[in-house]
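Trainee: Provided below for reference: sequence and predicted model.
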Amino acid sequence: MARISSTHLLILVALFFTGPGVSMSTMAHSETARKLQIMA
């Protein structure tokens, strides 16, 4: 089963593109949380 299905390829591409976005959003979220903690 060396042949990759189109759906599997689509999922891989989606993960590849959403991975950096998710990590960046979590980084921004932690940064805002830190700023809120400093303000509090």
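Mentor: Structure received.

Trainee: quick one: low-confidence parts of the chain?
Mentor: For the chain, the stretches flagged by pLDDT under 70 are 1-2, 40.

Trainee: how about the helices in this protein?
Mentor: 6-39 (DSSP state H).

Trainee: Let's check: the centremost residue of it is which one?
Mentor: Taking C-alpha atoms, centre = their mean, the centroid of the chain lies closest to Val22, which sits 2.2 Å from it.

Trainee: and that one, what does it touch?
Mentor: Listed by C-beta atoms under 8 Å, 6 or more residues apart in numbering, the contact set of Val22 is empty. To be clear about C-beta, it is placed using only N, CA and C from the backbone, and glycine gets the same treatment.

Trainee: Report the separation between Lys35 and Ile11.
Mentor: Relative to Ile11, Lys35 is positioned 35 Å away (C-beta to C-beta, to the nearest Å).

Trainee: do the same with Met27
Mentor: Taking C-beta to C-beta, one finds Met27 at 24 Å from Ile11.

Trainee: got it, and Ile4?
Mentor: Taken as C-beta to C-beta, the span from Ile4 to Ile11 is 10 Å.

Trainee: Tally up the residues packed near Gln37, please.
Mentor: Number of residues near Gln37 (other C-beta atoms under 10 Å) recorded here: 8.

Trainee: Apologies, that question was intended for Leu15.
Mentor: 10.

Trainee: Next: Ser6.
Mentor: Neighbour number of Ser6 under other C-beta under 10 Å is 7.

Trainee: before we move on, what about Thr32?
Mentor: 10.

Trainee: ditto for Ala28
Mentor: Ala28 - counted by other C-beta under 10 Å - has 10 other residues nearby.

Trainee: residues in contact with it?
Mentor: Taking C-beta under 8 Å, 6+ apart as the definition, Ala28 has no contacts.

Trainee: From Val22, how far out is it?
Mentor: 11 Å.

Trainee: What of Ile38?
Mentor: 25 Å.

Trainee: do Leu15 as well
Mentor: For Leu15, the distance to Val22 (C-beta to C-beta) stands at 10 Å.

Trainee: cool, and Lys35?
Mentor: Lys35 is 21 Å from Val22, by C-beta to C-beta.
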